[in-house]
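Chemist: here is a sequence together with a model predicted from it:
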Amino acid sequence: MKHSAQGAARTGVGTGTGAAAEAVRIPVQPGAADRARGRAPGGAEPDGPARGEHTHGEPPVPRPRALVQRSSVRGQILDALRSALVTGELRPGEVYSAPVLGERFGVSATPVREAMQQLALEGAVEVVPNRGFRVLERGDRELAELAEVRALIEVPVWLRLARTVPAEHWAELRPLAEGTVRAASSGCPATYAEADRAFHRAALALAGNEQLVRIAGDVHRRAQWPPAGSPSVRGRADLVADAHQHTALLDALIAGDLDVVRALVGDHFTVTS
């Protein structure tokens, strides 16, 4: 559960979850010869400029292996873009246009633009008029501040729940805790990030406060985006160690060992998780 602000060794390109998220890939940069001819790699025609948004000079964008399904398109695109943020495929400081991203996903620019607007509300991107959306650059200080906010929100709740929630309710979270271990073993930071949030969300839901779950979940998601200038994302070993803290905490909660719970929760929220 412990997250380093700088991240650990970078894994391969992440796949995320869901149909669209599974499809996210950053294509290889075109060769000089292709660029000189104005063609895409392999002889494909280049993407034409989209109305109202300049596309020349853009960085590589996620290219799916298959077109996304037409049902819940906006949700699939949003999941894919969130995964790309976690893996660093959408790079901090770069600008991405909705029309070009839409072409990569095989959809119109509208659902992509709607998904990007949601990411803007979440603080992940900002609107660049007539160009698209810029991924915001975040530094170590912001990650430290997010870690502090998470601790202020969650630590008192975890400790209160440890004293009041029956062991059988904690035991019901076992599949989610073990799910984080499996997700970590995959080595995909986006897959692990989702499993991590699911475990925390279910635990906090035991407090019966929907606003708490929503606000804590929003802060948690923001804390999972890698900082600007980070050369890598978290490695598999770091994710696995993090996930095993979930199961250790759950064991202590089921056993009613408040001293161990207090120590594990304190260690967990020392840095972003």
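Modeler: Everything's here; your move. Small disclaimer: the values here were computed from a predicted structure and weren't measured.

Chemist: for the rest of this, base every contact and every neighbour count on C-alpha atoms.
Modeler: Fine.

Chemist: residue 192: which element?
Modeler: If you go by DSSP states H and E, residue 192 is part of helix 189-205.

Chemist: what comes up buried for that helix?
Modeler: 189-201, 203-204 (16 or more other CA atoms under 10 Å).

Chemist: now swap in stretch 116-124 and tell me
Modeler: 116-117, 119-120, 124.

Chemist: tell me the average confidence for it?
Modeler: For stretch 116-124, mean pLDDT is 92.

Chemist: for that stretch, output the C-alpha coordinates as PDB.
Modeler: Provided in PDB are the C-alpha atoms of stretch 116-124 (Å, rounded to 0.1, in the frame of the first residue of the first chain):
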ATOM      1  CA  MET A 116     -11.100  14.800 -20.900                       C
ATOM      2  CA  GLN A 117     -13.500  17.400 -19.300                       C
ATOM      3  CA  GLN A 118     -14.000  14.900 -16.500                       C
ATOM      4  CA  LEU A 119     -10.300  14.600 -16.000                       C
ATOM      5  CA  ALA A 120     -10.000  18.400 -15.900                       C
ATOM      6  CA  LEU A 121     -12.500  18.400 -13.000                       C
ATOM      7  CA  GLU A 122     -10.400  15.800 -11.300                       C
ATOM      8  CA  GLY A 123      -7.300  17.900 -11.700                       C
ATOM      9  CA  ALA A 124      -5.400  15.700 -14.100                       C
END
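
Chemist: against residue 222, how distant is the residue nearest in space to the middle of the chain?
Modeler: Closest residue to the average C-alpha location of the chain: residue 86 at 3.7 Å, with CA atoms, centre = their mean. Noted for residue 86: a distance of 9 Å to residue 222, by CA to CA, to the nearest Å.

Chemist: one more: residue 157?
Modeler: Counting by CA to CA, the gap from residue 157 to residue 222 is 20 Å.

Chemist: these two - which one has more neighbours?
Modeler: Each of residue 157 and residue 222 has its neighbours counted (other CA atoms under 10 Å); residue 222 has more, 19 against 16.

Chemist: in the stretch 51-200 of the chain, which spans are helices?
Modeler: 73-87, 98-105, 109-121, 140-164, 167-171, 174-185, 189-205 (DSSP state H, counting those that start in this stretch).

Chemist: what is the most widely separated pair among the buried residues of stretch 116-124?
Modeler: 117 and 124 (9.7 Å; CA to CA).
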